[in-house]
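**Student:** A predicted structure for the sequence below; I have some questions about it.
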Amino acid sequence: MRGRLPDEPRFVLYDLVMSRRSTTLEDLYLQMARMRAFEEAAAELWADGLISGELHLGIGEEGIVAGILDHLADGDAMALDHRGTPPLVGRGANLESLFLELLGHPDGLGGGNGGHMHLFDRTLLAASSGIVGASAPTACGFAFSHQQLRPGRVAVAFLGESAVNQGMVMEALNLAAVWKLPVVFVVKDNGWAISTRSSRMTGGDLVRRAASFGLTARKVDGSDVMEVWEEARRMTARARAGKGPSYLHATCHRPRGHFEDDPLLRRVEEPRALADDFRQVMKAARRAQQPIRSRVAGLAAIGRTIATVTVTRRRTKDPLSHAARRLDDPKALDRKAAEEVKGAVVAALARVGTRR
Amino acid sequence: MSTLRFSQAVDLAVRHAMDEDDGVVVFGEDVPMIRRELLARFGPARVRPTPISESAFLGAAVGASLGGLRPIVEVQLVDFLTVGLSALVNEAAKVDTFSGGRWQAPMVVRATCGGGYGDGGQHEQALWGMLGGIPGLTVVVPSNPADAAGLMLSAIAHDGPVVFLEHKLLSDMWLEWMGGSRRKSVDFDLPASGIEGAVDDPPVPVPIGRATVLREGRDIALISLGVGVHRCLQAAQLLANDGVDAAVMDLRTVAPLDRTAITEMAESTGRVLAVDEDYTAGGLSGEIAVAACAGRPSVRFGRVTTESTIPYARDREEAGLPNVGRILDAVKPLLE
């Protein structure tokens, strides 16, 4: 069975279905709700100490992920970053086995060996990496294998806007262009590189950067799933038709910070943490023998970061609420998603049960 | 002298070096928030953030050092260092030789390393053996705050590239970031004498390339570094209860390795167990074996290492990393 991939005839069927189907906002909302429910359950498991290490959730990115995934089917590939669970949930990975992986169980997606930053699902052609830019070159390779083995299939790379500054991403954009690869680079722009404002660390404009490599490059509002969906439809169709790579830059927010219990967010949410910190840095600045100007500039830089977090986190635009406003009964979809996820969590925890 | 946490001790050393030499600069991912006290002291010109561009900022550290600065460049995890490894392996490590000894690249790469908190195999590696195998690279792995501060001073003063590795189980600040250690629901095996300790102000430099014996013993020598040292000390205590007199050596430096100290230790005990959190093959534990047998080929040698990709599952992770149980098991056959 080694090396076996989804059967070709299913691709033909898929093309037929794709050409005739119509996706509704309800469909997309339900997918987003499933991702959200999964992530919220994961957050609880993490708080309970059942998930270890760093936990980076994709809450806030659902509009982007759902808008893209709706155009994918069997044989298409995904290269994922450290926020890999929403795309896997959306692509139909087994939720129980995903939870079991996060719980480090032998029956997890990767036998409990990978964990939430390193998720691999062979049947979905989905591979993850915690190296932030790694999805871009991996997607190029998936796309190349499509060209050789599965014409008409597409590869998608999910990555953050700050990862685009990793050299391998720029190399991948160029490689995709010169090999005319069927790949869509999806950049989820939440404005932050961990605790650093990404605009302060990025020269020029990323959409123009991608365009300068010869890619079709567009910017969309990632909190509007339909806007993402429309653009993704054009880009995936273009890739399938052999017309080459695209770059989709979608803005979003990260209401939970970089990862769970984000120390930067905590400073904004807990006045005491901020006060302690403030005392510490003031003390350091006061005692230093350096020129006053550099010390003031140092304090100002710290203050600016804290202020930016404070201001930007109130401006979040949630992709689910955005879509919910245009739906008759989003609550029913929320319930449906919650039920499915709850079933998977309960089943997973029952299997973990006596192990801990 | 005051009691400091591991990272505080390192920062203290950095601070003194920055006070003494305007050419010492700090940059890397998230540095302004992580080193905010240094930023408040020295300002944004000398304490600066970088994009997530490892190839660029590690390469820039090489250039900056050639241009007269003494950069301390921070990479959050040694695993991420591999993204920009060419700058270290092909550039920094070669300068001294290629210039006929006329030019050096005095730079420090400060990174965290190590596992034991469930972050998975791409975020918990040691990699010091691989790095230490490159001629021209110096690699240090301190096991306690005083050594950390002292080695950082020596690293900054060193006229060549130094990789300074900070184990996350020793550095509570990083464990909070990477392990979510503020949760009451999690528990980590933290070595008390490693995470906090007395440090002189200013710190006393610790010479690079010099191992230290933390516990004398006649029957067997446990040779380790980083967190492994603390596991060895614990194991030695248990062995003492069984009447086995085990010595514990802290290498502190991977490259250049203190081969003389290892050889002498092996000659006096006749038995050596290397406890190395890095991978088994092609790395430090094999080099310890060579040094151990250099004086007396009849020395009995064993090793406890990381034998596979570190599993994410906490129970398998614990079983796979060097731990007290594995050390005791490995000691047994050497004593027979």
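**Tutor:** Arrived safely.

**Student:** tell me the contacts of residue 82?
**Tutor:** I'll assume chain A. Counting by Cβ atoms under 8 Å, 6 or more residues apart in numbering or on different chains, A:His82 makes contact with A:54, A:56, A:117, A:128-130, A:132. C-beta: built from backbone N, CA, C; applies to glycine.

**Student:** right idea, wrong chain: chain B
**Tutor:** Per Cβ under 8 Å, 6+ apart, neighbours of B:Thr82: B:Leu127.

**Student:** show me the strands in the stretch 251-356 of chain A, by range?
**Tutor:** Per DSSP state E, counting those that start in this stretch, the stretch 251-356 of chain A carries no strands over any range.

**Student:** what residues does it have near chain B?
**Tutor:** Residues of the stretch 251-356 of chain A lying near chain B by Cβ under 8 Å from any Cβ of the partner chain: A:259-261, A:263-264, A:277, A:280-282, A:284-285, A:287-291, A:293-299, A:301-302, A:305, A:355.

**Student:** what's the average pLDDT for stretch A:150-164?
**Tutor:** Averaging pLDDT along stretch A:150-164 gives 97.

**Student:** beyond the lowest-mean-pLDDT helix or strand in chain B, next helix or strand please.
**Tutor:** Lowest by mean pLDDT, DSSP states H and E among the helices and strands of chain B is helix B:172-179, with a mean of 91. Using DSSP states H and E, the helix or strand that follows helix B:172-179 in sequence is helix B:192-195.

**Student:** hmm, who's touching that following helix?
**Tutor:** Applying Cβ under 8 Å, 6+ apart, the contact partners of helix B:192-195 are B:5-6, B:143-145, B:167, B:169-172, B:227, B:229-230, B:233.

**Student:** please flag which of the residues you listed sit within helices.
**Tutor:** Among the contacts of helix B:192-195, the members found in helices (DSSP state H) are B:6, B:145, B:172, B:227, B:229-230, B:233.

**Student:** got a list of contacts for stretch A:191-199?
**Tutor:** Stretch A:191-199 is contacted from outside by A:160-162, A:189, A:201, A:251, A:253-254, A:258, A:263-264, A:305, A:308, A:312, B:29-30, B:32-34, B:49, B:51-52, using Cβ under 8 Å, 6+ apart.

**Student:** 6 Å instead?
**Tutor:** By Cβ atoms under 6 Å, 6 or more residues apart in numbering or on different chains, the residues outside stretch A:191-199 that reach it are A:161-162, A:258, A:264, A:308, B:30, B:33, B:49, B:52.

**Student:** so for that stretch, mean pLDDT?
**Tutor:** When pLDDT is averaged over stretch A:191-199, the result is 94.

**Student:** end to end, how far does it reach?
**Tutor:** 7 Å (Cα to Cα, to the nearest Å).

**Student:** what are the buried residues along that stretch?
**Tutor:** When burial is assessed from 16 or more other Cβ atoms under 10 Å in any protein chain shown, stretch A:191-199 yields the following buried residues: A:191-198.

**Student:** quick check, nearest of these to B:Gly132?
**Tutor:** Taking Cβ to Cβ as the measure, B:Gly132 lies nearest A:Ile194 of the buried residues of stretch A:191-199, at 28.6 Å.

**Student:** from A:Arg254, how far out is that closest one?
**Tutor:** Distance of A:Ile194 to A:Arg254, computed by Cβ to Cβ, to the nearest Å: 10 Å.

**Student:** same check, this time on A:Pro291
**Tutor:** 36 Å.

**Student:** who's more crowded, those two?
**Tutor:** More crowded of A:Pro291 and A:Arg254, by other Cβ atoms under 10 Å in any protein chain shown: A:Arg254, with 24 against 11.

**Student:** without its sequence neighbours, what residue ends up closest to that one?
**Tutor:** Distances taken as Cβ to Cβ, 6 or more residues apart in numbering or on different chains place A:Asn190 nearest to A:Arg254, at 4.2 Å, with adjacent residues excluded.

**Student:** one step back: pipe the contacts of helix B:192-195 into CSV and attach neighbour count per row.
**Tutor:** Output for the contacts of helix B:192-195, formatted as CSV (neighbours: other Cβ atoms under 10 Å in any protein chain shown):
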residue, neighbour count
B:Arg5, 18
B:Phe6, 30
B:Ser143, 28
B:Asn144, 25
B:Pro145, 27
B:His167, 29
B:Leu169, 26
B:Leu170, 29
B:Ser171, 25
B:Asp172, 19
B:Val227, 28
B:Val229, 31
B:His230, 26
B:Leu233, 21
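
**Student:** quick check, nearest of those to B:Arg303?
**Tutor:** The shortest gap between B:Arg303 and any of these belongs to B:Val229, at 15.1 Å (Cβ to Cβ).
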